[in-house]
Structures are given as C-alpha cells and as structure tokens.
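[1] Quick one, structure for this:
(chains A and B)
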Amino acid sequence: MSALRLFGERVSLPVRRRLVVVLVGAVFVLLGGALVSLYTGNSSIEAKITTGILIGDYAGASPFEVFTVLDVRLPRLVCALVAGFALGVSGALFQELTENPLGSPDIIGFTGGAATGAVLVTVTAGGALVGTAAGALTGGLVTAALIYLLAWRSGLDGYRLILVGIGVTAVLGAVRAYALSRADLEQATAGLRWLSGSLTGRGWDDVAIAAIGLVILAPATAALHRSVSRLSVGSDLATSQGLDVPRARIAIAVVGTAWVAVAVVVAGPISFVALAAPHIARSLSRASGAPLFSAGVFGAVLLLLADVVALRVFSPTQLPTGVVTAVVGGAYLLWLLQRLRRGTA
Amino acid sequence: MTALPHESRDSSLSSAPPPAGDALAMRGVSLGYPGRTVIEDLDLRICARSFTVFIGPNACGKSTALKGLGRLLAPSKGAVLLNGRDLARLKTAQVAREITMLPQSPIAPPSVTVGELVARGRAPYQSVFRRYSREDERIVRESLEVTGSADLIDRPVAELSGGQRQRVWISVVLAQQTGILLLDEPTTYLDLAHQIEVLDLCARLHADGRTLVVVLHDLNLAARYATDIVAFADGRIVAEGPPADVITARTVRETFGVECTVTTDPASGTPLVVPARPPHLGAATPSIRPTDPLHSSERTP
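    Purely as a prediction, here's the structure:
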C-alpha cells in the first residue's frame, strides 16, 4: 500500500495505484461518451459548428443549432453525469449500510416510493413535469422515513432494513398498479414512461437541482467516507476501533437517501445503476475501502453510456434510458461475476 | 515488539489514579439484547496484567460479558469501569486507545490485503486528513512481525489459511496499541497446532505487560495459559480465581453438567480435565487404558 503524504505528514492518505489507474480510465470513457452525446444526434450539426457553439463562438450557427447543443444536448449530458454519480454513490452507501451486496436504494424502497408518488401525481394532476418531480421526491422521502421507522430497533439493522424495504416496496407496487389501472390511457402512458426512467427533455432547471444537490452532498459524503470505510470490518470491530456505529449508520442513511432523491428528481427511477456501479468499481479497482467516489464515477459512466445507446443506437426511435441501463448494466455485471468466479479477473 | 502505549501515556491519563489491581471491573451489570437479558447484576474484576480466560457452556453469557467489557454492548443497569472510570462516560475514540476486542467472526472487507486490514487498527489515532502516516506504517509492520505474519503484508486476506488469518486478525487489534485485549474464541475453527500457536502468542503478549481477556472452550488449554479463570453458567459466575482453584470436578459439573476427573497436566502441572466415561460405553476395553493419571504420566516423557 502506498501513501500520499503532504505538508510534513499533516496530511497522509493511503493510495491504491490500481484504483488511480482505473479512475483515469473511467474519466477517458466519460470524455468519449460526452463527445458522442454532444456531437451526434438526430439533427446533424457539423462538428466545427458544435465546437464553436460550445466555446461561445456562434458564427455560422443557426439559432436552432445553438438551442440543440446548449439547451438540449448539454443539459442532458450534465444530468446523465450527475444522476449516474448520485446513483453510484447511493448504491455504495446502502451496500455498506446493509452490509449486503444486494442492498441498494431500490431495495430500501426509496425508488419505489418515488415512482408511486410520481404516478399518483401523473394520474391525478395530469403530470406537469415539475409536479411529477415534486411527487417523486415527496413519495420517496415519505417511503424512506416510513421504512427507517419500521426497521428501527435500537439502531438501524441492515438485515431488518432490507426485509422491511421489500415489504413496503411490494405494497407500493400494488398501489401503483391500481392507480395506473384507474387512469385514462394517456395518463397511464405518461406515468409508465416516467417509470422507466428517462433523460429526454432535461433542461437547465434540472441541472440547477442537480447542482444544488452536488454542492450540499459532495462535502457531506467526503466527510462520511472514513466512517463508511471503518464500518466495513463489521459493526463489532468498528466499535472496538472507536467508531460511533449507530451515529455513523444514521448519517449514511440520510446522505444515501439524499443522493437517491437527487437522482430520481433529475432522471426518474433509473434501475440498476445503483446496484451495479459499486460492484463494477470494486472489482475493477480491487480496492478494499468504501468505493464511494469510484462507485459514483462508474455510475456516471454507466448512465452516460446507457443514454448514448438509448439515443443513438435505435435512432430515430429513442429508448427510455432506464431500459438500457437494466440491459447493459445487468449483462455487464453478470459477465463480471462470471469472470470473478473463474478467478481470472 | 510493539511498544505498549499505555505505559508511556499513563501520565496523561492518571488524573484519577487507577485503583490498584483492576484494569476492568463490572459493578452490578445487566447486559442483553432487545427483549432478552443475558446477564443480570454481575460483579466481575479483571486484574491488571492478568491473562483472564472466560469459560462456560454455549449461551452462558461469557461472550456477552466480553462485549460488555469492550463496550460493544451498553449495560442496561450497573457500570463497567476502566481503571476506575465509568466506560459509558468516556469518548469512544479514547476507549479505543485503551481497549480493543476481536469479535468471534470478524469480517474482512472484500479484496482487502493484510497490510490494509491491519492499518484499520490505526483508526483511533487517525483523522480525516491524517490517515496513513509513517508511524502508522511502522506500527502495522511491527504488529505483523509480532504475530510472525510480516511476509503476508501484501497478500489478500481471502487467500490466507485459517491459522494465518487468525494471526493477521490479532495483528489488527495489536495495531490499535491498547493495554487491554479482549479476544472472543480466537482458537475456534483452528487445529490443535494452530490453537497452541495462537495461545503461545497470547502468552507472549501477556508477558509484554498487556491485560488479556480471552474466551476459550478448551478447559485444559485454558488452565495452561490463564493466570485467572472465570467460569460462567446461565449468565452468572460459578467460580473465579487461579486455574488450580477454578478447574475442579465440582465447577465442571456445575458449569457444563459433565462428570469428570481432574488430574494434573503432566506437561505443565496445571489442572487437567478428563471427562468420565459415559455408562452406555460399558467397561473399558483393554486396548484403551482407563483414564488413570498414573498411567498417563508414566507414558509421557
């Protein structure tokens, strides 16, 4: 294990070389994905003109082209990056909280609650976008609070949390199905589209929400990182090593929930990224610490690539991004686990 | 050998002079889990620099008592005292520099290497920005040397054998540089050679001046290594004191419900428990000698 030491040892951090290499690789993939999503699309704009628009030189660009690059492609790219990052971090946080590789915000019920809130708003209020987001946020927070409350037993126990989450999620699924069955066709279609998770139509309002979330949550997560990493030896040894485990667990639950809220508001209930990103980060980097940051980076990679595929591969038909994340992320995770089992990874 | 910090640091901690003798004590302590009290109104003293072994049948409360001493469980009644100070009023990080506990089945994070795992033991001395200083690195190395595991430092923990892994876990708690070590069944799942290896290591740590409290199942090994033994049954203490006083046929009957003969261990002179032959096996066949201390000591060089 190498270490980064600065200022006469006042700062000293353990460093895994492989993790650094993997993260640099991931950043290159992100850059590639960003270029594809900015430079290609249904309306073909010359690369030179796109570059000009991006650096603020609008000479030779039509207002439509400026609009497409700056108000359609760019906010969509930023939303994909932020939502993916948020999902990856929250997945890693919930896996550490539940001490379970399948612990993810989907299982904790937040996503299900958000989806139910959004569907109820869509079906009853007709589904203005802001209304849907507000419904999702409210539904998610109420469900999360309910699940934590039901699972609370002189502390947050991971196993109990998962069981209660599964129970509540099942009930919410029934509520959703009932609401959709009572809605007229148009509303039901809109509700279903939102449910599969999509980045279509994301604008700068969404980026603003994402930015506020990032500004608050990034420092909170950085501060939490050490506790999460210390918890990974189990709560008994972590306590013995001086960690206030109950307090750390609550902090992880709150911050993890907040990250999912950001992702759901920005991109809808994107499935699978939160579950797969931490595993991908861990098995590629073989890092032992809590893979919070790297899980976030790989969440961004997953969602960005999925969005590029959703937009471009079946062009001009656009698939909901959530459909692609499930297929791509699921297949990749299976392949990775298979490789790990054979001991070649 | 890893330096014992509690000696050098005692000056800073001795605002309340520790009452002579007791490193840890329980006064009227009740311990348990939600809806289930395991231990009620327990009084217990762990002498400073002793090698105390907890024995008793499964679910007798010995592990629960150990967790109480290590502050993994907060008492619902009574107080646990660390050098005369109430454990519940001390800061978690401060306690972690004086007591450490190795749980029965500790969890190694996936793909962690030995060096990284042992470095976790440095947590109570680290901060957000100061996470792996040269001193940490030195102490990690020393803690591995003490247990004879220095050559494993870059190996993934998942690849180690049972014996190697247990030595590494002991290095993890050594890296915490505490004067008091609590070990919950450190020899379980190990073969005889590795059990002895781990207990020899414990004896060396004890000889270096540490206080050890260890849960063990093997009474004969307990009698060999312990300076003090505490026998638990049903959440109570049946007997406590030096092995020669505690390991008697009567204590074994009261604790485990097993009839036995207690004789002298020919190798160490400590008590040796020989369970009685169950009646359904009938009379001893000539090829197997009856449990006769004379025979066994004659045969042992």
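[2] Name the single longest helix found in chain B.
    Here the longest helix in chain B is taken by residue count, with DSSP state H as the criterion, and it is helix B:192-207.
[3] And the average pLDDT for that helix is what?
    When pLDDT is averaged along helix B:192-207, the result is 94.
[4] in it, what's buried?
    The neighbour-count check on helix B:192-207 (16 or more other C-beta atoms under 10 Å in any protein chain shown) flags B:194, B:195, B:197, B:198, B:199, B:201, B:202, B:203, B:205, B:206 as buried. (Each C-beta comes from the backbone N, C-alpha and C, glycine too.)
[5] now, which of those residues lie close to chain A?
    When the buried residues of helix B:192-207 are checked against chain A using C-beta under 8 Å from any C-beta of the partner chain, none falls in range.
[6] before we move on, back to that, moving C-terminal from the longest helix of chain B, which element do we reach first?
    strand B:211-215 (DSSP states H and E).
[7] Give the other helices and strands that the helix or strand immediately after that following strand in the chain contacts.
    Proceeding N to C from strand B:211-215, the next assigned helix or strand is helix B:219-225, under DSSP H and E. For helix B:219-225, the contact count by 3 or more C-beta pairs under 8 Å, 6 or more residues apart in numbering or on different chains; DSSP states H and E identifies strand B:51-55, helix B:192-207, helix B:243-246, strand B:271-275 as packing neighbours.
[8] tell me what the third one is packed against?
    Contact partners of helix B:243-246 among helices and strands, from 3+ C-beta pairs under 8 Å, 6+ apart: helix B:219-225, strand B:228-233, strand B:236-241.
[9] right, and the ones you listed - which one's nearest residue B:28?
    Taking C-beta to C-beta as the measure, these were each checked against residue B:28, and strand B:236-241 came out nearest at 12.9 Å.
[10] Could you pull up the mean pLDDT of the closest one?
    The predicted model assigns strand B:236-241 a mean pLDDT of 95.
[11] do the same with stretch A:308-324
    The predicted confidence, averaged over stretch A:308-324, sits at 80.
[12] tell me how far the ends of it are from each other?
    End-to-end distance of stretch A:308-324: 10 Å, with C-alpha to C-alpha, to the nearest Å as the criterion.
[13] what's the distance between that stretch and the middle of its chain?
    Using C-alpha atoms, centre = their mean, to the nearest Å, we find the averaged C-alpha position of stretch A:308-324 to lie 18 Å away from the chain's own average C-alpha position.
[14] Please render the helices and strands packed on helix B:243-246 as a markdown table that adds mean neighbour count and distance to residue A:115 to the earlier fields.
    Converted to a markdown table, those look like this (neighbours: other C-beta atoms under 10 Å in any protein chain shown; distance: least, C-beta to C-beta, whole Å):
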| stretch | mean neighbour count | distance to residue A:115 |
| --- | --- | --- |
| helix B:219-225 | 22 | 58 |
| strand B:228-233 | 23 | 52 |
| strand B:236-241 | 17 | 54 |
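[15] Please tabulate these in JSON lines, including the columns distance to residue A:83.
    Rendered in JSON lines, the data for the helices and strands packed on helix B:243-246 read as follows (distance: least, C-beta to C-beta, whole Å):
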{"stretch": "helix B:219-225", "distance to residue A:83": "58"}
{"stretch": "strand B:228-233", "distance to residue A:83": "54"}
{"stretch": "strand B:236-241", "distance to residue A:83": "58"}
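[16] next structured bit after the top helix by length along chain A?
    The longest helix of chain A (DSSP H) is helix A:204-231. Scanning forward in sequence from helix A:204-231, with DSSP H and E defining helices and strands, the next element found is helix A:235-240.
[17] List the contacts of that following helix.
    By C-beta atoms under 8 Å, 6 or more residues apart in numbering or on different chains, the surrounding residues in contact with helix A:235-240 are A:230-232, A:245, A:248, B:67, B:70-72, B:92, B:96, B:99-103, B:106-107, B:172-173, B:176, B:182.
[18] The residue of the stretch 1-150 of chain B found nearest chain A: neighbour count?
    For the stretch 1-150 of chain B, the nearest residue to chain A under the criterion C-beta to the nearest C-beta is residue B:96, separated by 2.8 Å. Other residues within reach of residue B:96 by the criterion other C-beta atoms under 10 Å in any protein chain shown amount to 25.
[19] and if you look at the one 5 residues further on?
    Here the number of neighbours of residue B:101 (other C-beta under 10 Å) works out to 26.
[20] Over to residue A:186?
    When neighbours are counted by other C-beta under 10 Å, residue A:186 registers 10.
[21] Which stretches in the stretch 51-200 of chain A count as helices?
    When secondary structure is read from DSSP state H, counting those that start in this stretch, the stretch 51-200 of chain A shows helices at A:63-67, A:74-98, A:105-108, A:110-125, A:129-151, A:158-182, A:185-195.
[22] Can you tell me which of those is nearest to residue A:217?
    Nearest to residue A:217 among the helices of the stretch 51-200 of chain A is helix A:74-98 (7.7 Å), distances taken as C-beta to C-beta.
[23] The closest one near chain B at all?
    No - applying C-beta under 8 Å from any C-beta, one finds helix A:74-98 out of contact with chain B, separated by at least 9.5 Å.
[24] list the helices and strands that helix packs on?
    Of the remaining helices and strands, those touching helix A:74-98 by 3+ C-beta pairs under 8 Å, 6+ apart are helix A:17-39, helix A:105-108, helix A:158-182, helix A:204-231, helix A:245-267, helix A:273-285, helix A:292-312.
[25] What residues sit buried inside the longest one?
    Along helix A:204-231, these residues count as buried under the neighbour rule (16+ other C-beta under 10 Å): A:206-207, A:209-210, A:213-214, A:217, A:221, A:224-231.
[26] Could you tell me the end-to-end distance of stretch B:110-117?
    With C-alpha to C-alpha as the measure, the ends of stretch B:110-117 fall 11 Å from one another.
[27] How about residues contacting it?
    Among residues not part of stretch B:110-117, those counted as contacts by C-beta under 8 Å, 6+ apart are A:1, A:14, A:233, A:282, A:286-289, B:108-109, B:140, B:144, B:149, B:152-158, B:160, B:168, B:171-172.
[28] Mean confidence (pLDDT) on it, please.
    Per-residue pLDDT values over stretch B:110-117 give a mean of 88.
[29] Skipping adjacent residues, who's closest to residue A:27 in space?
    Closest residue to residue A:27 in three dimensions, ignoring its sequence neighbours and counting by C-beta to C-beta, 6 or more residues apart in numbering or on different chains: residue A:297, at 7.4 Å.
[30] Flag the shaky bits of chain B, pLDDT-wise.
    B:1-20, B:283-301 (pLDDT under 70).
[31] Let me see the ranges of the helices in it.
    B:5-13, B:62-69, B:92-95, B:114-120, B:134-146, B:162-174, B:192-207, B:219-225, B:243-246, B:249-256, B:293-299.
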